[in-house]
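have a look at this prediction, sequence included:
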Amino acid sequence: MQEIVKEILNELLSRHENLEPFCRKESEFPSLKIERREFLSLTKENLRGYVFSKNNSKAEAILVLAHGLGIGGAFCYLDIINYFVNNGFMVFAYDATGNAESGGTSCLSIEQGVIDLSEAINYVEKDKIMGQYPIVLFGHSWGAYAVSAVIKFHKEVKAVCEVAAFNDVESEFKYQLEYLSLSKDEVQKGCIELLNENERNIPTLFKNVSAMDGFDNSNAKIFLVHGAKDINVPDKLGYDLFFKKYKDNKRFVFKHYLDRSHFDLYYSDKAREYRNSYDDKDGYSNFNKAIACELDLSLMNEIKEFYLFSINNKK
């Protein structure tokens with residue numbers, strides 16, 4: 001069992017560099033102005049931040065983006081970032097501890113995503129330029145959990161878009177073990193071991209924080225995007241829980257796709273069809289990112305309008 005626990009922790013929490021075909025290049029977005037910054041994590045690691053903007057463009061808000069776990073950092077979301085910059089937002093994104101250009105030999109814990117995001121928000125608020133704007137959040141997967149949970153501590157956030165968030169760490173670990181078809185006793189034992197290892201580096205304030213802790217302790221408006229074919233974060237770990245509790249709450253907007261999975265939730269039909277048909281036997285050397293990363297503009301425009309409504313309406 002200890003070997004299984006080590007394998008899961010290594011897969012989730014080991015250091016992650018930017019991976020192909022997910023990472024995008026700055027040259028793909030020539031109009032995107034990128035300024036590199038550094039700020040400190042709570043463990044005093046140097047974290048890489050990026051300010052994304054457009055020349056001679058006035059922003060409506062600052063969007064802070066939190067990336068997922070396992071494929072790299074902020075540059076895996078340049079298509080999303082470029083969209084928002086071109087539609088009236090300044091964006092601050094960063095590589096979390098143990099990812100891409102940031103320091104750290106590991107990601108430390110699942111809750112580290114929340115911890116680093118909290119520090120990123122603090123950094124944004126202290127900045128002379130970014131601190132002038134209302135704050136909205138966007139996160140995918142690990143980042144979606146982070147943007148959901150962090151608003152427990154940052155009530156100033158106006159709106160959140162979470163894409164494929166799980167609610168809590170214990171359920172996510174349990175699912176990882178169940179996926180291996182272990183017995184109930186093995187799952188229970190393994191989950192305890194995983195939680196104990198995960199909690200070693202977590203400050204008390206952030207221990208066991210869940211997405212719904214954030215939702216319940218904030219007035220931010222929430223836009224949820226999930227896919228029924230997601231095997232990384234299945235509906236039972238997030239969407240089903242959120243919909244059951246908040247379906248009648250006017251702060252929440254639910255977007256559930258029957259035909260989308262974990263990594264294609266915000267891409268067009270054409271992009272998803274290309275991704276599903278692509279054969280990576282050549283190591284993605286012929287992978288066409290322009291096709292594969294074509295955004296679902298209908299969804300993106302809906303998220304944009306949701307943000308704008310949220311920052312201009314207090315009710």
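Received the coordinates, thanks.

could you report the distance from the spatially most central residue of the chain to Gly68?
By Cα atoms, centre = their mean, the mean C-alpha position of the chain lies nearest to Gly143, the distance being 2.1 Å. According to Cβ to Cβ, to the nearest Å, Gly143 and Gly68 sit 5 Å apart. The C-beta positions use only the backbone N, C-alpha and C, and glycine is treated the same way.

these two touch, right, the residue nearest to the centre of the chain and His67?
Yes. If you go by Cβ atoms under 8 Å, Gly143 and His67 touch, sitting 5.0 Å apart.

can you name the helix or strand that the spatially closest residue to Leu224 that is not a sequence neighbour falls in?
Nearest non-adjacent residue to Leu224, counting by Cβ to Cβ, 6 or more residues apart in numbering: Phe254, 5.3 Å away. In the assignment (DSSP states H and E), Phe254 maps to strand 252-257.

following that strand, which helix or strand comes up?
Next helix or strand after strand 252-257 toward the C-terminus (DSSP H and E): helix 269-277.

okay, angle between that next one and strand 252-257 too, please.
Taking axes from the mean of the first three to the mean of the last three Cα atoms, to 10 degrees, one finds helix 269-277 and strand 252-257 inclined to each other by 50 degrees.

once you drop chain neighbours, what's closest to the residue nearest to the centre of the chain?
Ala66 (3.2 Å).

touching, the one you found and Phe138? I think so.
Yes. Using Cβ under 8 Å, Ala66 makes contact with Phe138 at a distance of 7.4 Å.

any shared contact partners between those two?
Applying Cβ atoms under 8 Å, 6 or more residues apart in numbering, one finds that Ala66 and Phe138 are jointly contacted by Val147.

helices of the stretch 151-300 of the chain, start to end?
Remark: helices assigned in the stretch 151-300 of the chain by DSSP state H, counting those that start in this stretch are 169-178, 184-198, 211-216, 239-246, 269-277, 289-292, 297-312.

and the first one, C-alpha only, in CSV?
So the one you mean is helix 169-178. Provided in CSV are the C-alpha atoms of helix 169-178 (Å, rounded to 0.1, in the frame of the first residue of the first chain):
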residue,chain,number,x,y,z
VAL,A,169,-9.0,16.7,-1.2
GLU,A,170,-10.1,13.6,0.7
SER,A,171,-12.7,12.7,-2.0
GLU,A,172,-10.1,13.2,-4.7
PHE,A,173,-7.6,10.9,-3.1
LYS,A,174,-10.3,8.3,-2.4
TYR,A,175,-11.3,8.4,-6.1
GLN,A,176,-7.6,8.0,-7.2
LEU,A,177,-7.5,4.8,-5.1
GLU,A,178,-10.9,3.5,-6.2
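
thinking again about what came up before, do you know how far the residue nearest to Gly143 is from Lys229?
Computed as Cβ to Cβ, the Ala66 to Lys229 distance reads 23 Å.
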